[in-house]
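>>> With the sequence up front, the predicted model follows.
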Amino acid sequence: MSDANSCASCTSSSITADCSVDAVMRKSPTAQAVLDRFGIDTCCGGSASLREAALHAHLDPALVLEAITAPQPVAVVAPRTLPQATSCGCGCR
């Protein structure tokens, strides 16, 4: 997804798995910390949908979305059963 606002669901105030990572971070003041704890790329991967970014990090997109949208902070317990994703290559990690 090249444009953070290209998803119709991202034009509302709700956050969905189809919103770009950049849009999620604009909508939620706690999203950056949650995404960092999950190891989701918020630098070069910001234009990807939350679903794509979660899958790239070998995570369940629903779990990541729940952690971001929860009214109370959620403890991040993200078992990785698949190999970890490689760095995006920009030097951010």
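On my side now, so go ahead.

>>> neighbours around L63, how many?
Neighbourhood size, L63 [other Cβ atoms under 10 Å]: 15. Using the backbone N, CA and C atoms, a C-beta is placed for each residue, glycine as well.

>>> so it sits in a helix?
Yes - judged by DSSP: H, G, I helix; E, B strand; the rest coil, L63 forms part of a helix.

>>> quick one: it and A70, what's the gap?
Using Cβ to Cβ, to the nearest Å, one gets 11 Å for the distance from L63 to A70.

>>> P29: how many residues sit nearby?
8.

>>> Could you give the number of residues near S47?
16.

>>> so it touches C19, yeah?
No - using Cβ atoms under 8 Å, S47 makes no contact with C19, being 11.1 Å away.

>>> Now do L55 against P61, distance only.
Applying Cβ to Cβ, the value for L55 to P61 is 6 Å.

>>> Could you list the low-pLDDT ranges of this structure?
1-12, 73-93 (pLDDT under 70).

>>> now the helices for it?
For the chain, helices defined by DSSP state H occupy the ranges 21-27, 31-38, 50-56, 61-69.

>>> residues of the longest one that come out buried?
By that I understand helix 61-69. Across helix 61-69, burial judged by 16 or more other Cβ atoms under 10 Å covers P61, V64, L65, A67, I68, T69.

>>> cool, and stretch 17-34?
In stretch 17-34, counting by 16+ other Cβ under 10 Å, buried: 17-25, 27-28, 31, 34.

>>> Likewise for stretch 40-52?
For stretch 40-52, a neighbour-count test (16+ other Cβ under 10 Å) marks I40, D41, T42, G45, G46, S47, A48, S49, L50, R51, E52 as buried.
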